[in-house]
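**Student:** got a predicted structure here, sequence first:
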Amino acid sequence: MRRLPVFFTALILTTLLLAGCSIPFLGNIFGGADKTDDAGEMIGLDDIRGADGSIATGGGISGTGGGTGDAGGAYYDTDGVARSNSAGSGDAAGSVFASESGDGEDHYVDAEVGSGISDVMDSAGNDDTGPFGTGVLSAQGVSEAGYSEPRRPVTVYYQDEDGCLVPMTRWIQPQLGIARAAVSLAVDSPLTREETAYYGVYPVIPEGTRILGIDIRNGTAVIDFSRHLLSYGTAWSERNIVAAIVYTLTEFDTVDKVRILINGHQPGVLKYGTDLSGPLGREDVMINTEPALVPSGTRRGKLDVYFMKQANEGFAYAVPVSVAVDSAEADPAPGTLVRLLFETVPAGGIYTEIPEGACLRNSYVQNGTVFLDLSGEFLDYGGTEREEAILRQLAYTLRQCDGIRKIRIMVDGKNVDLPGGTYISSGLVIPATLNDVTDRG
């Protein structure tokens, strides 16, 4: 009889112990949730099941392709430009608009042309692809809400009523596909005309033109347009369209040449004689002068110098004008460019503010500063507006030289004060923008 109380006592103690403990590999037998603590107690399977009840594998931390990043997500590099973190991406070449396919093939993605900063995805989240399948810039579909960085400048080429091409700085949100955005800002539309008409300039690319795709690799940008690109009626319009596209894209450091396609096909020679059978660089295109292209197979080259053009009563702009030179002189050295600027007489409503008779006596470059020794005639002008125009001509012309950050001006070997009062003793800084008058609000 004494064994009975001992038996019941043992049964009660066992029940109490089982009610408060979790048994490894079985979980809590009374239905309580499994937990982990600092002692490293076993975690039950319920903690690693997905919403559909499936069990996660591989620790649940790897992204697509076994990486740890968010494949296809957007991030900001140290330069403040949005980039893509897509798995298997190709060599970005330091550019936000390089191909992300990584497979060595040309890929294109369709996009609505307008402001150039809208998503390329439709409301269902699908992208319209161009004639070559998957879109190289599919990561452009990242919502604009993800961009919080300050706007960045791009150079866009417009034309005035006389057909003179005018480079202008536009400020847009950092985004994937910044090159596409820059070109799209030159496409004619009611919105773009409204934005630019006040400044006396107008879009160059015909209305209705759509950018079907763009791929940039190994220094060449391949850009595919819809057939509306050919909706023009004069030889001058044809040359302006080609020059605007080539100059806008080659403003980016990663682009040296541009290949223009129409509906995925190489157009060859256009109706007014412009040859698009191969890629074009700035060295191949004449801007704001005849002919349209530098003749191939010759010993001729070209350089650009900046003159002034009055667009309307309120705005005058510095504009590039191509000057034909011998191929041996086609390297844009500071001395060569300044001599061309002083000696060339522009035409067609384009003018210079450089005083007549002024010439370059000597020039040299030291520690990123170009020193210009000019003749005394350089100071034969008056007024701050003219002085500003002269300095813009010099700065924009020398902006084409690599490594030049400042300009120091001397006259007859001596430091001088300019008649209009502009302070240049510490050097004239080379600007990062061209005709920066829009988007400043």
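**Tutor:** Nice, I can see it.

**Student:** domain ranges for the protein?
**Tutor:** Per automatic domain parsing, the domain ranges recorded for the chain read 75-293, 296-441.

**Student:** mean neighbour count, these: which tops it?
**Tutor:** Of all these, domain 75-293 has the most neighbours on average by mean count of other Cβ atoms under 10 Å, namely a mean of 19. For every residue, glycine as well, the C-beta is placed using N, CA and C.

**Student:** report the rounded mean pLDDT for it.
**Tutor:** For domain 75-293, the mean per-residue pLDDT is 74.

**Student:** show me where the protein has its helices.
**Tutor:** Assigned by DSSP state H, the chain shows helices spanning 3-19, 178-184, 190-197, 235-250, 334-343, 384-398.

**Student:** who are the packing partners of the fourth one?
**Tutor:** To tie it back to what came earlier, the one meant is helix 235-250. Where contact means 3 or more Cβ pairs under 8 Å, 6 or more residues apart in numbering; DSSP states H and E, helix 235-250 is packed against strand 152-159, strand 165-172, helix 178-184, strand 220-225, strand 257-262.

**Student:** go again using 6 Å as the cut-off
**Tutor:** Under the contact criterion of 3 or more Cβ pairs under 6 Å, 6 or more residues apart in numbering; DSSP states H and E, helix 235-250 touches strand 152-159, helix 178-184.

**Student:** what's the end-to-end length of stretch 217-231?
**Tutor:** Taking Cα to Cα, to the nearest Å, stretch 217-231 runs 29 Å from one end to the other.

**Student:** next: stretch 393-407.
**Tutor:** Start and end residues of stretch 393-407 are separated by 12 Å (Cα to Cα).

**Student:** thinking again about what came up before, now render the helices of the chain as a markdown table, adding distance to residue 159.
**Tutor:** Formatted as a markdown table, the helices of the chain follow (distance: least, Cβ to Cβ, whole Å):
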| stretch | distance to residue 159 |
| --- | --- |
| helix 3-19 | 86 |
| helix 178-184 | 15 |
| helix 190-197 | 10 |
| helix 235-250 | 6 |
| helix 334-343 | 22 |
| helix 384-398 | 18 |
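
**Student:** out of these, the one nearest residue 301 is which?
**Tutor:** Minimum separation from residue 301 across the helices of the chain (Cβ to Cβ) falls at helix 334-343, 10.9 Å.

**Student:** the closest one to helix 384-398, inter-axis angle?
**Tutor:** When axes from the mean of the first three to the mean of the last three Cα atoms, to 10 degrees is applied, the directions of helix 334-343 and helix 384-398 differ by 140 degrees.

**Student:** tabulate the CA atom coordinates of helix 334-343 in CSV.
**Tutor:** The C-alpha atoms that make up helix 334-343 are tabulated as CSV, following Å, rounded to 0.1, in the frame of the first residue of the first chain:
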residue,chain,number,x,y,z
PRO,A,334,44.3,74.6,-76.4
GLY,A,335,46.5,76.8,-78.6
THR,A,336,45.0,75.4,-81.8
LEU,A,337,41.4,76.0,-80.6
VAL,A,338,42.1,79.5,-79.4
ARG,A,339,43.8,80.5,-82.7
LEU,A,340,40.8,79.1,-84.7
LEU,A,341,38.4,81.0,-82.4
PHE,A,342,40.2,84.3,-83.0
GLU,A,343,40.8,83.8,-86.8
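
**Student:** which elements pack onto that helix?
**Tutor:** For helix 334-343, the packing partners by 3+ Cβ pairs under 6 Å, 6+ apart are strand 360-366, helix 384-398.
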